[in-house]
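J.: just coords:
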């Protein structure tokens, strides 16, 4: 079966296919995102739970170390003399019962050994007072200090990896209470074993740092000696408990942080999303084959449905061809399915409306010509002419020759532009010149009651406009906005081209209007001061010539003033006007 590219069957086929495929793709995309997000969340939750579990065990172990320390401290406090053999026996027994307990030592603040368990020979060059655990105990005597992991260097022959607990305590020596630094070294092996159990994929790992950024544990143990340069620690210190995504190494890593209380060590888990999300590949394959099968089924179904719909419409097309020859008086007669019959009825109704609209256009053209005649008849306004001549007489009585000349000159030019050799379309430059002479006359007549300025962008001067659309607006501003003011008023006219529209704004700082008064202006409830060409007439003329998208709009505030905006299409030559059907 052959298809015409623009036939309704082709359009229905492609539209139905496209719409269905778009819906299926959109739904698949949302489900895919949902499933992927859920898989990611589950994977990340699993990582968080693993780190949380390690954190829990470490906190238990740290609590155990604290308990050991407190037991040792309590035994020393309860012993009347530090050199008591009973005390040494008790501490030795404690040392043998705990595999992770390496040694116990008591030192004076000056670094002299008071008690050591086990009793081993000490090194001479240990620099005891410069070791971190010794300095921490002196700096914070009331706080139990935990050192970073280090190799024990107090005793000869001892090279164990330990964490040192230290604090200033009191002990009795021959009946005298003294202060000393109690050191308990705990084997780091337990912490190392707990940390090595962390499994975060093939490349994932976990490390531990203290509150100063020193490494406590890292799977690459050599980093403890070299300093941690591989990891980006700055964001880590912003979290006590949380997660974030890190891209500082060039690839995405998921970082999870937990804090070991009360020593403020941080357990940092590092996982790689491309390893932990294992279901994404399977989901991609499923979505691909699902979309492929659905698209094939949609195409077959669309062809079948479009063929059933288009058959009666093609029969209707043949009946419409006779109407396309220009015979609007003959209704079409088509039988068939319910939808086709309804379409035929609507088409006949459309023909009837077309005939009505053609008649309406004729009436509107007649109204247009009548409006033009009304404007021409109102161009020479006896009331305005009478007031102007009356002002000239008063000026003559006062001997103001220059003002008389200016008034009569402006009056003559005002009427010359008003006549415009019978033309109803003039340039904006001529229209602005017309309103300028009107303002000169009114300013003399009202004894400089107001001042004005007329501004126009260069590209707007040559634009064509209906004649006599500015003077009624300005007249309104004078009579209803400025005349009743006690202060001098100001009128500004500004014209410019914006987005293929000619915009003219007439602003005054007069008394302003309420919303109700502005609404009445466009329905003819209020007329301008005496021209006979009211604001309503101006708005109707513009809409009649240019359409409903153009005309007048108002902005006004009481005691602030009013701005009237006139919007016209940009037309700069006779050809454009003829194209729009304007004479």
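T.: Yes, it's here. Here the structure is a predicted model, which is why all the values come from computation and not from measurement. Residues are numbered from 1 along each chain as shown.

J.: Give the next helix or strand downstream of the longest helix along the chain.
T.: In the chain, taking DSSP state H as the definition, the longest helix is helix 8-77. Per DSSP states H and E, the first helix or strand lying C-terminal to helix 8-77 is helix 85-97.

J.: For the chain, spot the helix or strand the model is least confident about on average.
T.: helix 223-226 (a mean of 49; mean pLDDT, DSSP states H and E).

J.: Residue 167: what's it in contact with?
T.: Going by C-beta atoms under 8 Å, 6 or more residues apart in numbering, residue 167 touches 69, 73, 137, 141, 142, 143, 144, 145, 181, 182. The way it works is simple: take the backbone N, C-alpha and C, and place the C-beta from them, glycine included.

J.: Next, the contact list for residue 118, please.
T.: By C-beta under 8 Å, 6+ apart, the residues touching residue 118 are 92, 95, 103.

J.: Now do the same contact list for the closest residue to residue 98 other than its chain neighbours.
T.: Spatial nearest neighbour of residue 98, excluding adjacent residues (C-beta to C-beta, 6 or more residues apart in numbering): residue 68 at 6.6 Å. Applying C-beta under 8 Å, 6+ apart, we find residue 68 in contact with 94, 98, 101, 184, 186.

J.: Residue 395 now?
T.: Contact analysis of residue 395 by C-beta under 8 Å, 6+ apart lists 403, 404, 407, 444.

J.: any low-confidence regions in the stretch 301-450 of the chain?
T.: For the stretch 301-450 of the chain, the stretches flagged by pLDDT under 70 are 308-316, 318-319, 322-337, 339-340, 366-383, 386, 420-422.

J.: need the helices for it, in chain order.
T.: Here the stretch 301-450 of the chain has its helices, by DSSP state H, counting those that start in this stretch, at 338-379, 382-398, 401-419, 428-445.

J.: In CSV, list these along with distance to residue 162.
T.: Below are the helices of the stretch 301-450 of the chain laid out as CSV (distance: least, C-beta to C-beta, whole Å):
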stretch, distance to residue 162
helix 338-379, 90
helix 382-398, 109
helix 401-419, 105
helix 428-445, 94
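
J.: which stretches of the stretch 101-250 of the chain form helices?
T.: Using DSSP H, counting those that start in this stretch, helices in the stretch 101-250 of the chain cover 132-139, 189-196, 223-226.

J.: I'd like the ones you listed laid out as TSV, including distance to residue 82 and mean neighbour count.
T.: Putting these into TSV (distance: least, C-beta to C-beta, whole Å; neighbours: other C-beta atoms under 10 Å) gives the following:
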stretch	distance to residue 82	mean neighbour count
helix 132-139	17	18
helix 189-196	29	17
helix 223-226	35	13
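
J.: who wins for proximity to residue 273 among the ones you listed?
T.: helix 189-196 (22.1 Å; C-beta to C-beta).

J.: contact partners of the closest one?
T.: Here helix 189-196 makes contact (C-beta under 8 Å, 6+ apart) with 54, 57-58, 61, 100, 149, 161, 163, 206-208, 216-217, 219, 267.

J.: cool, stretch 15-26 as well?
T.: For stretch 15-26, the external contacting residues (C-beta under 8 Å, 6+ apart) are 291, 294, 295, 298, 299, 301, 302, 305, 306.

J.: contacting residues around residue 500?
T.: 569, 570.

J.: What average pLDDT does the longest helix of the chain get?
T.: Mean pLDDT, computed over helix 8-77, is 78.

J.: now stretch 107-115
T.: Stretch 107-115 comes out at a mean pLDDT of 84.

J.: Quick one: end-to-end distance for it.
T.: 7 Å (C-alpha to C-alpha, to the nearest Å).

J.: before we move on, what SS does residue 487 have?
T.: In three-state terms, and counting by DSSP: H, G, I helix; E, B strand; the rest coil, residue 487 is coil.

J.: Residue 510 versus that one, what's the distance?
T.: 10 Å (C-beta to C-beta, to the nearest Å).

J.: So between the two, which is more surrounded?
T.: residue 510 (25 against 9; other C-beta atoms under 10 Å).

J.: The closest residue to that one other than its chain neighbours: what's it in contact with?
T.: Excluding its sequence neighbours, the residue lying closest to residue 510 (C-beta to C-beta, 6+ apart) is residue 481, at 2.5 Å. Residues in contact with residue 481 (C-beta under 8 Å, 6+ apart) are 489, 508, 509, 510, 511, 512, 561, 562.

J.: Checking my notes, residue 481 in a helix, right?
T.: Yes - checked against three-state DSSP, residue 481 lies within a helix.

J.: Identify the residues contacting residue 188.
T.: With C-beta under 8 Å, 6+ apart, residue 188 has these contacts: 149, 161, 162, 163.

J.: Could you work out the most separated pair of those residues?
T.: 161 and 163 (8.6 Å).

J.: Mind listing the shared neighbours of these two?
T.: Common neighbours of residue 161 and residue 163 (C-beta under 8 Å, 6+ apart) are 149, 188.

J.: more neighbours, these two?
T.: residue 163 (26 against 16).

J.: Provide the partner residues of the more buried one in its beta bridges.
T.: Legend: beta-bridge partners of residue 163 under DSSP bridges are residue 186.

J.: Show the contacting residues for it.
T.: 65, 146, 147, 148, 149, 185, 186, 188, 191, 216 are the contacts of residue 163 under C-beta under 8 Å, 6+ apart.

J.: Show me which of these is closest to residue 427.
T.: residue 216 (86.6 Å).

J.: Which pLDDT value goes with the closest one?
T.: For residue 216, the pLDDT comes out at 74.

J.: What is the burial count for the spatially closest residue to it that is not a sequence neighbour?
T.: Using C-beta to C-beta, 6+ apart and skipping residues adjacent in sequence, the residue nearest residue 216 is residue 208, 3.9 Å away. Neighbours of residue 208 under the rule other C-beta under 10 Å: 24.

J.: now swap in residue 241 and tell me
T.: Neighbour tally, residue 241, other C-beta under 10 Å: 12.

J.: Below-threshold pLDDT in the stretch 451-583 of the chain: ranges please.
T.: Using pLDDT under 70, the flagged stretches of the stretch 451-583 of the chain are 524-533, 574-583.
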